[in-house]
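Undergrad: This is the structure alone, sequence omitted:
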């Protein structure tokens, strides 16, 4: 697996062997960032929930985001993320929280420009997680929330005051992008 764009383009990133994580493919990551770049530029802060190997967050750092918080509950994955950060030179531009996503949503306090939510496809709490994120202080009106999920498990068009603004399918992977509705 490689970084597909930006300053660390071409760097090979480490992943855990086996089925412990389902890394987002290079093709899907390229498509995600193509969609995001068309919607907004100049991101300062990002959050990668269910980070796994850190591929999405590392891609964001490579493409110029200023800071990235990684959240992953598996200790081995947290170590891999730290190794990948060191290898790509982004160790001083990120923090790794080794805890469950819902716990991180409860204690993190900053709003983010980009949020990646890429849980295991078998996770039945995805709607609950998206709702919790929508209700949190982590998502502002300018935040783009990118949710990766199985195409066979569609998401709602709206969670709390956060609405789906774009959706694309890549094989069994579906990418849904949400944003809070403008308040008057």
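TA: Arrived safely. Small disclaimer: the values here were computed from a predicted structure and weren't measured.
Undergrad: Now do the end-to-end distance for stretch 105-114.
TA: Start-to-end span of stretch 105-114 (C-alpha to C-alpha, to the nearest Å) is 14 Å.
Undergrad: Can you tell me what sits against that stretch?
TA: 36, 40, 43-47, 49, 60, 65, 69, 97, 129, 132-133, 136-140, 142-144, 146 (C-beta atoms under 8 Å, 6 or more residues apart in numbering). The C-beta positions use only the backbone N, C-alpha and C, and glycine is treated the same way.
Undergrad: Pairing partners for the helix or strand containing residue 47, with directions?
TA: If you go by DSSP states H and E, residue 47 is part of strand 45-49. Strand 45-49 pairs in its sheet with strand 67-71 (parallel), strand 112-117 (parallel), by DSSP bridges.
Undergrad: Among the contacts of stretch 105-114, which lie within strands?
TA: 45-47, 49, 69, 97, 139-140, 142-144, 146 (DSSP state E).
Undergrad: So residue 123: helix, strand or coil?
TA: Here residue 123 is recorded as coil under DSSP: H, G, I helix; E, B strand; the rest coil.
Undergrad: Identify the bridge partners of residue 169.
TA: Bridge pairing for residue 169 (DSSP bridges) gives the partners residue 174.
Undergrad: low-confidence ranges in this structure?
TA: Low-confidence regions of the chain, defined by pLDDT under 70, span residues 18-23, 41, 182-184.
Undergrad: which residues of it fall in helices?
TA: Secondary structure of the chain by DSSP state H: the helices cover 26-39, 55-62, 75-88, 101-107, 126-135.
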